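**Q** quick one, fold the following:
(2 chains)
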Amino acid sequence: MNFDLTEERQMLQDTLRRFLKDRYTTEKRNEILNSDSGMSADIWNTLAELGVIGALFTEDQGGFGGAGFDIAVVFEELGRAGVVEPFLDGALLCGRILADAGDMDRVEQIIGGEVQMALAHGEPTSRYDLNQVETTAKDGVLNGRKAVVMNAEAADVLIVSARTSGGVADIEGISLYAVDKGAKGLTIQGYPLLAGGRAAEVTLDDVTGTLIGEEDKGYALLKDAYAIATVAQCAETLGAMTKATELTQEYLVTRKQFGRPIATFQALAHRMSDLLIEMEQARSAVIRAAGYFEGDTRIRDINVHAAKNLMGRAGRLVSEESIQMHGGIAMTQEYELAHIAKRITMADHRFGDTDYHLEQFIALTQS
Amino acid sequence: MDLSYSDEDLTFRDEVRAFLDEKLTKELSDKIRLGGDLTKADMEGWHATLNAQGWLAPNWPKKFGGAEWGAVQRHIFDDECARAHAPRTVPFGLSMLAPVLQKFGSQEQNDHWLPRILSGEDWWCQGYSEPGAGSDLASLKTKAVREGGHYIVNGQKTWTTLGQHANMIFCLVRTDSTVKQQEGISFLLIDMDTPGIEVRPIILLDGSPEVNEVWFTDVKVPVENLVGEENKGWTYAKYLLTHERTNIAGVGFSTAGLATIKRIAKAEMSGGKPLMQNPYLAARVAQVEIDLMAMSTTNLRIVSQAAAGGAPGVEASMLKVKGTIIRQEINDLARRAVGPYAMPFASEAVEGSNEPLPDPHEAGPVAAQYFNNRKLSIFGGSNEIQRGIIAKVKMGG
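**A** Next up is the predicted model:
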């Protein structure tokens, strides 16, 4: 047992942190947030060159990392800097599905930063249920609607889930298809997101797609990819929470009211202490989710569900308390905390929220 | 980073399991599992068993007769003991006084007192708190005046845990009232049989005779029993407190407590189904289990840092707060899980009648434990004191 990063991961962390500190300033992010595409191709390419995407894949998959801890290191730094480019969806989530399905050509393109991808899986009524798919595919022709699809407008290729057999909630009978942007019958209705980036409602009206992996066996690919994406989301949130806590600590020490730093008021000091305690809990939860990722699947899932539940609770505390302890300044769009707090809260809506993961944890531990 | 145990760790774990299998009697583990009170003989017996194995003092350096285990070994040992419902060791001599003696005591003091802690010859208790000095420990008033080869001690200590069993007490006493509070305190070792000492039990709200008041009237203490330098006692006291807090996360207690809740709630029926299937209870149990999993890792991270040379400072305060919140939540869940049978005053109901209490799920004393463990967030520096320490370290001022 050992809690130190390996030398390689430490280097990756240092490089990323330095680069993002210099290049991904609050002004830069605000500029990106205000742009039409909601992302910077330049940042995407530079980070890809620095190895950010390669670190998300194993050597077999053409990368140089791919373990839980590699993913955690990368996304914690992206979260700390508040990076809005869709590495989680476009690179990790889609890339791991393709790698597991054996589509190594596309994985190579993803690692090189040459292609943008999007996963169109959730539907207007599926909420967080992975097995709920009403969109249909017959002979490679897709019909249906997909909800809140991250990065859909920018994507060169969409991975679309569709039902090829069974009932709408069956685990068996879900298949995945690659659909090119501009395919006939594909409608993408885009919108900006509260916490940065863009998503879209996607309508498929007799759209032709190419099967990824085996027919009817898409669920297993989705489940594994969602598990690693959940770890990444937790790590990203940990980074954002760390930043929020640092900003708040700094503010409490420098802000003076009634002639003294507000950190000296016990009502605030004790609440800050509680945040710091929960930060340690959050870090431990992420370490566990990352560290148990490669082992037994049940242990993996227990720790992933535990982490997402804990991050949901601790994240809400950190985000709300940081805003409250800052006071009015935190209500302004311009101040860095505003974006960070939104990121933390919106993360709860990705890959299952606090309650969803508690329910899954109970199913695994109390049966 | 690597969360798995090494082969050596796994071998050690097997060794601990085999030891517990062989040496921990069912009678003793049942007592722990069902929350019964341990007698002095129970505790002394378990100390002797561990001592024979060389495992009584995991934290002590080998040169003092300790096991000198690393963080992971200690974690494995605590975890296995909790699972097997083994008793905890009595901490006052082993993990409170001993580290102070080893760091600040004289050679003679170490040679004399440490072996007696291991052999069980001495039972130590802690003379810190006073009626007027609780969280504000430095305001203590028990006075020691040097007269020739002795100190003459007068005053009163309180909350002296298991003082009724002790033959020795380590005390913080005031040796100078003219200086800043913290600079006039000394650390004295006092024989409880010395004339002028009176021990009176305080019965706690759960009925347990766990703590005492200790009165000192013109008690003569040989000057050899001063630890370190006169008026430097506050430094030693603070050092002791960080050691006291190293184990304060109570991961073992909570692990065992959680198992108890699950056992009760699987057997207890509610609406024709096991209580464990009640979604509200299930959610609270799951949430505290998730918190405990994370804290167990936090604990390991902090302890390994400390083992690598860093002293557990502010991190110990964090573990104290979180650890006690978790334990108290578990106590509350257990209290609710047993339903109406939380109400009988268990010790009297069991001991005072020939008819055993109808207690199908061995629910016995969980409600009494709930009350008893309100102490967790008060003692060892209340949780508010800990939050103050965290804020001070992290934000200055």
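**Q** C-alpha from now on. contacts and neighbour counts both.
**A** Fine.
**Q** who's in contact with residue B:221?
**A** B:150-153, B:189-191 (CA atoms under 8 Å, 6 or more residues apart in numbering or on different chains).
**Q** right, and residue B:183 touches residue B:229 too?
**A** No: at 11.3 Å, residue B:183 does not count as touching residue B:229 under the criterion of CA atoms under 8 Å.
**Q** comparing these two, which residue is more hemmed in?
**A** Of the pair residue B:183 and residue B:229, residue B:183 is the one with more neighbours under other CA atoms under 10 Å in any protein chain shown, namely 19 against 13.
**Q** how about the more buried one, nearest residue that isn't a chain neighbour?
**A** Of all residues not flanking residue B:183 in the chain, residue B:231 sits nearest, at 5.7 Å (CA to CA, 6 or more residues apart in numbering or on different chains).
**Q** how is the chain divided into domains?
**A** Assuming you mean chain A. A:7-116, A:118-215, A:220-365 (automatic domain parsing).
**Q** meant chain B, my bad for not saying
**A** B:7-89, B:124-232, B:248-395.
**Q** columns mean pLDDT on top of the ones you listed, output as TSV?
**A** Formatted as TSV, the domains of chain B follow (pLDDT from 0 to 100):
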stretch	mean pLDDT
domain B:7-89	92
domain B:124-232	96
domain B:248-395	86
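**Q** okay, these in JSON lines with distance to residue A:240 next?
**A** Compiled in JSON lines, the domains of chain B are given as follows (distance: least, CA to CA, whole Å):
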{"stretch": "domain B:7-89", "distance to residue A:240": "30"}
{"stretch": "domain B:124-232", "distance to residue A:240": "36"}
{"stretch": "domain B:248-395", "distance to residue A:240": "19"}
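**Q** so which bits of the stretch 151-300 of chain B are right by chain A?
**A** Contacts of the stretch 151-300 of chain B with chain A, taken as CA under 8 Å from any CA of the partner chain, map to B:276, B:282-283, B:286-287, B:290-291, B:293-295, B:297-298.
**Q** biggest helix in the chain by residues?
**A** Answering for chain A, as no chain was given. helix A:218-254 (DSSP state H).
**Q** hmm, I had chain B in mind actually
**A** Max-length helix for chain B by DSSP H is helix B:279-307.
**Q** starting at the chain centroid, how far to that one?
**A** The chain centroid and the centroid of helix B:279-307 are separated by 19 Å under CA atoms, centre = their mean, to the nearest Å.
**Q** how far out from the middle of the chain is the element among helices and strands of chain A having the smallest mean pLDDT?
**A** Ranking every helix and strand in chain A by mean pLDDT, DSSP states H and E puts helix A:26-33 at the bottom, with a mean of 93. When distances are taken as CA atoms, centre = their mean, helix A:26-33 is centred 19 Å away from the chain's centroid.
**Q** what's next to that helix, contact-wise?
**A** Against helix A:26-33 from outside (CA under 8 Å, 6+ apart): A:38-40, A:82-84, A:196-197, A:336.
**Q** please apply the same query to stretch B:110-128.
**A** B:44, B:47-48, B:51, B:56-57, B:64-65, B:92-94, B:98, B:101-102, B:137, B:157-158, B:160-163, B:165-172.
**Q** quick check: buried residues in it?
**A** Going by neighbour count (16 or more other CA atoms under 10 Å in any protein chain shown), the buried part of stretch B:110-128 is B:110, B:113-114, B:117-118, B:120, B:122-128.
**Q** same thing with stretch A:258-276?
**A** Going by 16+ other CA under 10 Å, stretch A:258-276 has these buried residues: A:262-264, A:268-276.
**Q** and what of stretch B:300-320?
**A** Here stretch B:300-320 shows B:300-304, B:306, B:311-320 as buried, counting by 16+ other CA under 10 Å.
**Q** and if you look at stretch B:44-52?
**A** B:44, B:46-51.
**Q** can you count the residues close to residue A:241?
**A** Neighbours of residue A:241 using other CA under 10 Å come to 32.
**Q** I figured it was touching residue A:313, is that so?
**A** No: the criterion here is CA under 8 Å, and residue A:241 misses it with residue A:313 at 11.8 Å.
**Q** can you give me the helices for the chain?
**A** Assuming you mean chain A. A:7-23, A:26-33, A:41-50, A:68-81, A:94-101, A:104-111, A:218-254, A:266-291, A:297-326, A:336-347, A:354-365.
**Q** that's the wrong chain, I meant chain B
**A** B:7-23, B:26-33, B:40-53, B:71-83, B:91, B:98-104, B:107-119, B:233-246, B:251-267, B:279-307, B:314-337, B:346-351, B:366-372, B:383-395.
**Q** up against chain B, what does chain A have?
**A** A:1-6, A:69, A:249, A:252-253, A:263-264, A:266, A:269-270, A:272-274, A:277, A:280-282, A:284-285, A:288, A:291-292, A:306-307, A:310, A:358-359, A:361-362, A:366.
**Q** give me the buried subset of these.
**A** Buried residues within those, counting neighbours by 16+ other CA under 10 Å: A:69, A:249, A:252-253, A:263-264, A:269-270, A:272-274, A:277, A:280-282, A:284-285, A:288, A:291-292, A:306-307, A:310, A:358-359, A:361-362.
**Q** can you name the farthest residue from the center of chain B?
**A** Residue farthest from the centre of chain B, counting by CA atoms, centre = their mean, is residue B:272 at 40.3 Å.
**Q** contacting residues for residue A:311?
**A** By CA under 8 Å, 6+ apart, the neighbours of residue A:311 are A:234, A:237-238, A:282, A:285, A:354.
**Q** how close does the spatially most central residue of chain B sit to chain A?
**A** Centroid check for chain B by CA atoms, centre = their mean gives residue B:91 as the closest residue, at 5.6 Å. According to CA to the nearest CA, to the nearest Å, residue B:91 and chain A sit 26 Å apart.
**Q** out of the domains of chain A, nearest to residue B:377?
**A** domain A:220-365 (14.2 Å; CA to CA).
**Q** any idea how far the closest one is from the middle of the chain?
**A** On CA atoms, centre = their mean, the centre of domain A:220-365 falls 13 Å from the chain's centre.
**Q** pretty sure residue B:153 sits against residue B:171.
**A** No: using CA under 8 Å, residue B:153 is not in contact with residue B:171; the gap is 10.2 Å.
**Q** please say which of the two ends up with more neighbours.
**A** The residue with more neighbours, out of residue B:153 and residue B:171, is residue B:153; 25 against 22, by other CA under 10 Å.
**Q** list the contacts for that one?
**A** With CA under 8 Å, 6+ apart, residue B:153 has these contacts: B:142-145, B:173, B:216-221.
**Q** residue B:58 now?
**A** By CA under 8 Å, 6+ apart, the neighbours of residue B:58 are B:66-69, B:74.
**Q** ok, of these, which one's closest to residue A:203?
**A** residue B:74 (57.9 Å).
**Q** and the gap between the residue lying closest to that closest one once chain neighbours are set aside and chain A?
**A** In space, and not counting its chain neighbours, residue B:74 is closest to residue B:58: 7.0 Å by CA to CA, 6+ apart. In this view, residue B:58 and chain A are 19 Å apart by CA to the nearest CA.
**Q** burial measure for the closest residue to chain A within the stretch 51-200 of chain B, as a count.
**A** Relative to chain A, the nearest point of the stretch 51-200 of chain B is residue B:72 (7.3 Å; CA to the nearest CA). Using other CA under 10 Å, residue B:72 is surrounded by 19 other residues.
**Q** same deal with residue A:14?
**A** Neighbours around residue A:14, by other CA under 10 Å: 13.
**Q** for residue A:166, same thing?
**A** 12.
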